[in-house]
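Asks: structural data only, the sequence is not supplied:
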């Protein structure tokens, strides 16, 4: 199920979109069966790029911020999904401790934390916010722009449990992607549910693992739908041991970019696509849109300037980059009032609960929009039918957000595969 | 979770409502634990009456029509809940056969059938509509006001299965309340899921069973919340063997009405309520608002006129009335543009997915609104905050639909108890 949201798409429905729309019952059943075998991540958001000729996820976030960008109509969907998630994990749950990112002064991020508190409170939990930031050593009240207050409390650790003053949670929800590594305070917690698990943090996750899992998902889904999986799958490869600052490994990187561009070019030729292929080079463990560059020709890498070297060397929380993912660039055909746009799909448990557009006025269709200057445009709910001049409902409108909800869930399913494969506590049979 | 809908309530929040609002996490957890032990009805709707001093369910429908009165924003909630319901019952489900009421020419009812088809299709099922009406002997296409078409197909029965041409459903959803008794074609189906079960039909259900179960639910909920259960529970009693047409048993009915009025009077006195108590007399197996009368004084029953006798004798599908439920009348304080109003809460599986007001311009606050001339007013979603003159969000608005969502779910839980207790296939330990 995908809510019927108003997209910016006005052009004709592509063959791919038509196939997905008309196969809705089969698609939903396919997901239903997958979720019998695999556990969805607790929550997730997926950046989707629609090139018209293909549509693909480009980033899957397992600690999504930005919940504040959902409209009030989407909140009940998130709450209902949160209830379903909690019921499965810990129906007796009474208290939830929410652990946010450590950079706690960003008002947009804090609005996201307040929204999460609202969602889980409405789902029937007492919610407190526990900070693991070294800067939060005592209770700190922050007033938000809308007048709401957030109380950040320092987290205390006993032998096997986390708590804040007079509040013993049975569930701990991380909204902190652990880029700098899982802090000791979160390790070896045995008596509480820690969601998502520590190995979903960016200190363990690798984009190459994710997109390998996605490739498998896309193949199976493509087979069910009878389509070439490339139409929903960005080609990729991985390169290790790069040091931009010291120009180490750049030759191997050039070779890999060259090879990937060749593969993309062959697919473009097969489909008669005249766009110029490009490759996105990203830190394999990167997030926040940091450590990303676009390459149209491997030769560009022979003369990388200092600024780019710096940009590619260090990402969030000062992490050094040495492993990269090279990903087929997927241009976006969506734009809103002249600004380039890409949809972001929000999911709680297995459900699509909403989404918005990330737009950027000064970036092109083949650039990374997750960059300073991006804005977020909530998606409105669309009525089911066009209303004619007399006010009578006419033809049913196709749900053009549906395809994005499918791609978002395919990426979420890939994350489920990925977390199974990287689970350090997995039992080996 | 209850969506934040705009109610007509503008007065101050009563002590009861305040208690329920501030106990939200505890209330939600309580429901969560109940649903671990009890299976919710597949879908339901509940008529709620809010007297200010008390709030109570007055009718619980296990074959709800009126889904067409939900707004487009509520549909995704219904779809998400439908997905959760299907996943539990039959995750492999591919085909759903929807069996509507037999009186298939009412355009509002047909719009309801189309809405249900839309919901279950979006939840990932192929939906066909199978009629068990003797009048539908061949495929019949009906065009709806909005241009949509419904194809009604006669249902075929094999030894253990129901089907329509070239369509073998694994799940059969009844939207037909079986007032006239379960037809043979629905009996002894062993290889398909029949939802709701046959004993949820009005040929088996009794309102007295339901409100006995509700009384138990209200006691347990009241204890958890620390309130007098009467504040959410309408007093009731049952009388059997009445024949209005032949004036049989009217004395016993008078005695029972007298006794119940006395009980209500004592509670009114306890709470200092100055309203005049009244009792609603209803057919114990009635539906569609048929077979209902209001009594303020048992003496009124000594001289019942022919018209009332006829009204009370025969209900939907020509069923004779002999057993009655007497129920404490709960006046409604809600009105919309001068019309008396009562909220109707819609639920799918354990989730509140929406609601609307039933309004009636020519009925008083102590009358049955489920009568010819009633209209339905969808409830809009309310923003989370009041926006001030400068467009800044201000104080968070209380969700005044929340209490109704709680009462609706308490009645649904009572229906779950009731269906367990009346299950003919229940194993006795």
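Replies: Arrived safely. Keep in mind the model is a prediction, meaning the values are calculated, not measured.
Asks: residue A:49 contacts residue A:328, doesn't it?
Replies: No. Assessed by C-beta atoms under 8 Å, residue A:49 is found out of contact with residue A:328, at 10.2 Å. C-betas here are computed from N, CA, C, even on glycine.
Asks: state the pLDDT value of the residue of the stretch 151-300 of chain A found nearest chain B.
Replies: Of all residues in the stretch 151-300 of chain A, residue A:170 sits closest to chain B, at 11.0 Å by C-beta to the nearest C-beta. Note for residue A:170: predicted pLDDT of 91.
Asks: my read is that it contacts residue A:97, right?
Replies: No. If you go by C-beta under 8 Å, residue A:170 and residue A:97 don't touch, sitting 9.1 Å apart.
Asks: out of those two, which sits in the more crowded spot?
Replies: residue A:97 (25 against 17; other C-beta atoms under 10 Å in any protein chain shown).
Asks: so how far is residue A:81 from the closest residue to the more buried one other than its chain neighbours?
Replies: Among residues not flanking residue A:97 along the chain, residue A:169 sits closest, at 3.8 Å (C-beta to C-beta, 6 or more residues apart in numbering or on different chains). Per C-beta to C-beta, to the nearest Å, residue A:169 is found 20 Å from residue A:81.
Asks: next one: residue A:139
Replies: Residue A:139 is 31 Å from residue A:81, by C-beta to C-beta.
Asks: higher neighbour count, those two?
Replies: Neighbours were counted for residue A:139 and for residue A:81 using other C-beta under 10 Å; residue A:81 has more, 26 against 12.
Asks: so the more buried one sits against residue A:349, correct?
Replies: Yes. Under the criterion of C-beta under 8 Å, residue A:81 makes contact with residue A:349 at 4.9 Å.
Asks: coming back round to it: which strand or helix spans the residue nearest to residue A:97?
Replies: For residue A:169, there is no host helix or strand (DSSP states H and E).
Asks: report how many residues lie close to it.
Replies: Other residues close to residue A:169 by other C-beta under 10 Å number 24.
Asks: hmm, it is touching residue A:162, no?
Replies: Yes. Look at residue A:169 against residue A:162 with C-beta under 8 Å: they come within range, at 7.1 Å.
Asks: quick one: common contacting residues for the two?
Replies: A:97, A:192 (C-beta atoms under 8 Å, 6 or more residues apart in numbering or on different chains).
Asks: and the gap between the nearest residue to residue A:252 once chain neighbours are set aside and residue A:325?
Replies: Residue nearest to residue A:252 in three dimensions, not counting chain neighbours: residue A:239, with 5.8 Å by C-beta to C-beta, 6+ apart. From residue A:239 across to residue A:325, the span is 8 Å (C-beta to C-beta).
Asks: now do the contacts for the spatially closest residue to residue A:198 that is not a sequence neighbour.
Replies: Leaving aside its sequence neighbours, residue A:198 sits nearest to residue A:182 (C-beta to C-beta, 6+ apart; 4.6 Å). Residues near residue A:182 by C-beta under 8 Å, 6+ apart: A:198, A:201, A:203-204.
Asks: one more time with 10 Å, if that's ok
Replies: Contacts for residue A:182 (C-beta atoms under 10 Å, 6 or more residues apart in numbering or on different chains) come out as A:174, A:176, A:194, A:197-199, A:201, A:203-204.
Asks: likewise for residue A:341?
Replies: Residue A:341 touches A:7-8, A:50, A:332-335, A:356-360, A:363, A:365, A:369, A:374-375, A:377, counting by C-beta under 10 Å, 6+ apart.
Asks: residue A:338 and residue A:361 touch, don't they?
Replies: Yes. Counting by C-beta atoms under 10 Å, residue A:338 does reach residue A:361; the two are 6.8 Å apart.
Asks: between these two, point out the one with more neighbours.
Replies: Using other C-beta under 10 Å as the criterion, residue A:338 and residue A:361 rank with residue A:361 on top: 13 against 8.
Asks: which residue ranges make up the domains of chain A?
Replies: A:1-62+A:205-233+A:333-423, A:68-204, A:235-328 (automatic domain parsing).
Asks: and for residue A:49 and residue A:328, which residues touch both?
Replies: Shared contacts of residue A:49 and residue A:328 (C-beta under 10 Å, 6+ apart): A:56, A:58, A:234, A:280.
Asks: for the second one, what are its contacts?
Replies: Spelled out, that is residue A:58. Applying C-beta under 10 Å, 6+ apart to residue A:58 gives the contacts A:46-49, A:207, A:211, A:234, A:280, A:282, A:292, A:327-330, A:332, A:342, A:368-370, A:411.
Asks: I'd like the mean pLDDT over the helix or strand it falls within, please.
Replies: Assigned by DSSP H and E, residue A:58 belongs to strand A:55-61. Averaging pLDDT along strand A:55-61 gives 95.
Asks: near chain B at all, the following helix or strand past that strand?
Replies: Scanning forward in sequence from strand A:55-61 by DSSP H and E, the next helix or strand is helix A:75-89. Yes. With C-beta under 10 Å from any C-beta of the partner chain as the measure, helix A:75-89 is seen reaching chain B through A:75-84, A:86-87.
Asks: and what of stretch A:345-354?
Replies: Yes. Counting by C-beta under 10 Å from any C-beta, contacts between stretch A:345-354 and chain B involve A:348-354.
Asks: can you give me the offset of that stretch from its chain's centre?
Replies: Here stretch A:345-354 is found 11 Å from its chain centre; the criterion is C-alpha atoms, centre = their mean, to the nearest Å.
Asks: show the end-to-end separation of that stretch, please.
Replies: End-to-end span of stretch A:345-354 (C-alpha to C-alpha, to the nearest Å): 6 Å.
Asks: any figure for the gap between residue A:271 and residue B:233?
Replies: For residue A:271, the distance to residue B:233 - C-beta to C-beta - is 66 Å.
Asks: so these two - more neighbours on which side?
Replies: More neighbours surround residue B:233 than the other of residue A:271 and residue B:233, with 24 against 11 (other C-beta under 10 Å).
Asks: pretty sure that one sits in a strand.
Replies: No. Residue B:233 is assigned coil when assessed by DSSP: H, G, I helix; E, B strand; the rest coil, not a strand.
Asks: any idea how many residues pack against the nearest residue to it once chain neighbours are set aside?
Replies: The shortest distance from residue B:233 to any non-neighbouring residue, by C-beta to C-beta, 6+ apart, is to residue B:218 (3.8 Å). Residue B:218 sits with 26 neighbouring residues when counted by other C-beta under 10 Å.
Asks: off-centre distance for the longest helix anywhere in chain A?
Replies: If you go by DSSP state H, chain A has its longest helix at helix A:250-271. Helix A:250-271 sits 25 Å away from the centroid of its parent chain (C-alpha atoms, centre = their mean).
Asks: now it: buried residues?
Replies: Neighbour-count burial for helix A:250-271 flags A:250, A:253-254, A:256-257, A:260-261, A:263-264, A:267-268 (criterion: 16 or more other C-beta atoms under 10 Å in any protein chain shown).
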